[in-house]
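# only geometry, no sequence info:
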């Protein structure tokens, strides 16, 4: 179900990006992450050969950073976001990361609840983080050092 993202997935990924975000990644940004950024890990969820969700992670030595996570509107509320988040945490642990961080809009209460359900804690506010509307971001952090990949199995 969760597979590595391929260039062939980008049309579907960009459709979801357009559907769920106001501040969007471009095709060029995804291509850079796929082909040039050695720290990047991108994944998709397929259902009936159709991409319905995706997520990205950077593993930077002892730190992992979740760069993006999105589920198509018609598939939200079905557990795909949680499955992707657990997958990213397993990848971070496999890459010997001690902490995992992410930024989220304060207005995205559903995402905040998801992150908190897996042990992420609010660390600080990053002022004017989102350029589309100057909204702040909440930086969230989870300590994962000493945890096992099995701790996040489905």
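Here it is on my side, so go on. In this text the structure is predicted, and so the values were computed from the model without any measurement.
# distance between stretch 76-83 and the chain's centre?
Relative to its chain's centre, stretch 76-83 lies at 12 Å (CA atoms, centre = their mean, to the nearest Å).
# meant to ask about stretch 20-35, not that
The chain centre lies 12 Å from the centre of stretch 20-35; the measure is CA atoms, centre = their mean.
# end-to-end on that stretch?
End-to-end span of stretch 20-35 (CA to CA, to the nearest Å): 24 Å.
# what does stretch 57-70 give?
The first and last residues of stretch 57-70 sit 13 Å apart, counting by CA to CA.
# tell me which residues in it are buried?
For stretch 57-70, the buried set under the neighbour-count rule, 16 or more other CB atoms under 10 Å, comprises 57-59, 63-70. Just so you know, the C-beta spots here come from the backbone N, C-alpha and C atoms, and that holds for glycine as well.
# Contacts made by it with the rest, please.
In this structure, residues lying in contact with stretch 57-70 by CB atoms under 8 Å, 6 or more residues apart in numbering are 16-17, 20-21, 25, 33, 37, 39-42, 53-56, 81, 84-85, 88, 91-92, 95-102, 111, 144-145.
# cool, and stretch 81-98?
Under CB under 8 Å, 6+ apart, the answer for stretch 81-98 is 1-2, 41, 43, 45, 53-55, 57, 59, 61-64, 66, 69, 71, 100, 111, 114-115, 117-118, 142-145, 147-149, 151-154.
# got it, and stretch 121-129?
Identification of contacts with stretch 121-129 by CB under 8 Å, 6+ apart yields 101, 103, 106, 134-142.
# Take the residues you listed and keep only those in strands.
Among the contacts of stretch 121-129, the residues falling in strands (DSSP state E) are 101, 103, 137-142.
# and the direction of the lowest-mean-pLDDT helix or strand in the chain versus that of strand 137-143, what angle?
Within the chain, no helix or strand scores below strand 121-126, which has a mean of 91 by mean pLDDT, DSSP states H and E. Strand 121-126 runs at 150 degrees relative to strand 137-143, counting by axes from the mean of the first three to the mean of the last three CA atoms, to 10 degrees.
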